[in-house]
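In: Build the 3D model from these lines:
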Amino acid sequence: MSAYPNDRDCIMMLKDAGCSRRVILHCCTVRTVAEAIAENMDVSKELVIAGAMLHDIGRSRDHTIFHAMIGADIAAGLGLPKELTEIIRKHTGAGLDKEDAEEFGLPPGDYIPRTLEEKIVAHADNLVSDDHLVNHTFSSERLRRKGSTRGAERMEALHRELSDMFGKDLDILVGELGEYPELKGTCSRFRPKAV
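Out: Got it, this is the predicted structure:
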């Protein structure tokens with residue numbers, strides 16, 4: 001038995017927290033991408049999947065940069081393991097450095113993904129916009145337009161790091177999985193019929 005909640009349990013946690021169907025669909029899509037990235041890597045796939053499913057649980061209460069911290073607090077309150085709450089807390093972009101945290105008014109802390117599982121979930125989220133897959137430059141250029149050059153550079157560095165480990169540029173996942181990837185198991189009921 002896994003120490004981490006399965007898809008069905010994660011969906012119940014998202015619903016119980018008050019997440020919209022749109023947020024749940026996004027989490028399911030990120031889960032599909034994260035699982036594909038983790039497939040050939042030496043990581044805890046159960047942790048990656050649970051982290052991807054729950055990364056936006058904080059969007060039940062907030063849609064700003066604070067959603068990650070709020071989500072980590074929700075997950076901790078549910079008694080979820082620390083390594084899972086850390087994925088949730090550090091998933092924004094390619095993480096937030098001390099300067100970002102101060103600029104956004106976040107409590108002092110380390111918001112940079114350090115473990116491979118944290119990095120995979122953060123970057124899978126970067127490759128999903130709403131419920132469809134995008135090239136990594138879609139997200140990094142969006143950060144640049146918002147004036148976050150450091151964040152965009154971190155995101156591009158994370159993309160290169162994970163692509164090197166994966167053995168191919170991760171942007172190929174858009175073609176391999178499709179812009180609107182098929183969702184598995186419990187997640188499949190959240191994909192709109194007409195895509």
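
In: With C187 as the reference, measure out to the closest residue to L14 other than its chain neighbours.
Out: Once flanking residues are discounted, L14 sits nearest to I24: 5.1 Å by C-beta to C-beta, 6 or more residues apart in numbering. Using the backbone N, CA and C atoms, a C-beta is placed for each residue, glycine as well. I24 is 8 Å from C187, where distance means C-beta to C-beta, to the nearest Å.

In: ok, now R150?
Out: From R150 to C187 the distance is 34 Å (C-beta to C-beta).

In: With neighbour numbers in mind, choose between these two.
Out: A direct count of neighbours by other C-beta atoms under 10 Å for R150 and C187 places C187 higher, at 21 against 15.

In: give the contact list for the more buried one.
Out: C187 is in contact with 7, 11, 28, 31-32, counting by C-beta atoms under 8 Å, 6 or more residues apart in numbering.

In: any idea which of these is closest to M53?
Out: Using C-beta to C-beta, R31 comes nearest to M53 of the contacts of C187, at 5.1 Å.

In: Just say helix, strand or coil for that closest one.
Out: helix (DSSP: H, G, I helix; E, B strand; the rest coil).

In: Apart from its neighbours in sequence, what residue is nearest it?
Out: R31 sits nearest to A52 (C-beta to C-beta, 6+ apart), 4.0 Å away.

In: what about the one you found, which helix or strand?
Out: Here A52, judged by DSSP states H and E, is contained in helix 45-54.

In: tell me the mean pLDDT over that helix?
Out: Mean per-residue pLDDT for helix 45-54: 98.

In: Any chance you could list what contacts that helix?
Out: Outside helix 45-54, the residues within contact range by C-beta under 8 Å, 6+ apart are 2-7, 10-11, 13-14, 27-28, 30-31, 33-35, 37-39, 71, 75, 80, 83-84, 87-88, 91, 117-118, 120-121, 124-125.

In: Now list the buried members of those residues.
Out: 4-5, 7, 10-11, 13-14, 27-28, 30-31, 33-35, 37-38, 71, 75, 80, 83-84, 87-88, 91, 117-118, 120-121, 124-125 (16 or more other C-beta atoms under 10 Å).

In: Great, nothing more from me.
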